[in-house]
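Undergrad: model this:
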Amino acid sequence: MPDLERVADDGGAVSGMKARFFTRFTREQRYLHAVLFTAFLGLAATGLPMRFAQTPWARRFASGVGGFGAIIFFHKMFAVVLTIAFLIHLKEIFTRGVLHREKGIFWGSTSMVANWKDVKDLVGHLRWMVGLGPKPQFERYAYWEKFDYWAVFWGMLVIGFSGYAMWFAPFFARFLPGWALNAVLVVHSEEGLLAILFIFSIHFVNTHLRPDSFPMDMVVFTGVESEEEFKHKRTQEYERLAKEGKLEQRVATAPPLWLVNFSKVVGFTAIAIGLILLVLTLSAYFS
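TA: Reported below is the predicted structural model:
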């Protein structure tokens, strides 16, 4: 993100005598994402030691935080935080899509719901990667971003339900057979492990380690992106907004220097934690 590297000397705002910036995420969306990835990192950092409790690093980590009882407490705390964030997001979708009948929530070019264009983009992207065609142009959300998004939904439903079923086993035992309560333990453990591997590998690569974004895409932290980046990454969205006369409505101020630096610290810290947990997981799983 070269535009974010040019900083002014007087007030700490990113300079841009000619460069313009455009809003991609609202402040509320950025805050919710911050809560989500913080809670997920917390769940991963507390869930993996329980999943691989026999490993030396898991026992040392448990000893450092007060034992596995403390780990379970923090795991449940992060689970509640993540659940609240998920419910807030569902409320926003319901309010915008059902009550306000906002177009583009459930279908269309601005929706996170996959459509036929995503299939064509996936095929076109694969062809481009092997030199058999041009690189496809993307709308507001690319096919891999939608895949990431719905992976979180799947995880919340499967991992979330199984986790709460174990937490409140006496309640769920009233209407679930005994074998189901045994199954949720396996489901929670394996699906949680799958989610961790997915986020710390596929999601990190798609979001931050692609050539277009390396070493980190900070738009979800700052909320804005340069016009050059907007045109390059989401060409069809840029052209559509320009054609509809709505492009100027998205013009935003450049992110202040403190926010850029803070975003780098938070982002690289999260990536580092994720990669460390990924290495520990793989070493434990294959040892």
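Undergrad: can you tell me which helix or strand of this protein has the lowest average pLDDT?
TA: Taking mean pLDDT, DSSP states H and E as the measure, the helices and strands of the chain show their lowest mean at helix 204, namely a mean of 86.
Undergrad: I'd like the distance from it to the chain centre, please.
TA: Offset of helix 204 from its chain centre (Cα atoms, centre = their mean, to the nearest Å): 9 Å.
Undergrad: counting contacts, what elements does it pack onto?
TA: The elements that helix 204 packs onto, with contact taken as 3 or more Cβ pairs under 8 Å, 6 or more residues apart in numbering; DSSP states H and E, are helix 257-286. C-betas here are computed from N, CA, C, even on glycine.
Undergrad: state the mean pLDDT of the helix it packs on.
TA: The pLDDT scores in helix 257-286 average 92.
Undergrad: surely residue 83 meets residue 160?
TA: Yes - counting by Cβ atoms under 8 Å, residue 160 is a contact partner of residue 83 at 6.4 Å.
Undergrad: which residues does residue 149 contact?
TA: Taking Cβ atoms under 8 Å, 6 or more residues apart in numbering, we find residue 149 in contact with 112, 141.
Undergrad: that one: which element?
TA: Assigned by DSSP states H and E, residue 149 belongs to helix 143-167.
Undergrad: any idea which residue of the chain is furthest from its center?
TA: Largest separation from the mean C-alpha position in the chain: residue 174, at 35.5 Å (Cα atoms, centre = their mean).
Undergrad: what does the pLDDT read for residue 210?
TA: Per-residue pLDDT puts residue 210 at 81.
Undergrad: tell me the spacing between the closest residue in space to residue 41 that isn't next to it in sequence and residue 164.
TA: Of all residues beyond its chain neighbours, the one nearest residue 41 is residue 273 (5.7 Å), with distances taken as Cβ to Cβ, 6 or more residues apart in numbering. Here the distance between residue 273 and residue 164 works out to 25 Å (Cβ to Cβ, to the nearest Å).
Undergrad: identify each buried residue in the helix holding residue 149, please.
TA: Within helix 143-167, the residues scored as buried using 16 or more other Cβ atoms under 10 Å are 143-148, 151-152, 155-156, 158-160, 162-165.
Undergrad: mind listing the strands for the protein?
TA: Secondary structure of the chain (DSSP state E): strands located at 21-23, 224-226, 251-252.
Undergrad: give me the contacts around the shortest one.
TA: Residues external to strand 251-252 that are found in contact with it (Cβ under 8 Å, 6+ apart): 20, 21, 22, 23, 223, 224.
Undergrad: among those, which pair sits farthest apart?
TA: Comparing all pairs in the contacts of strand 251-252 by Cβ to Cβ, the longest separation belongs to 20 and 223, at 14.6 Å.
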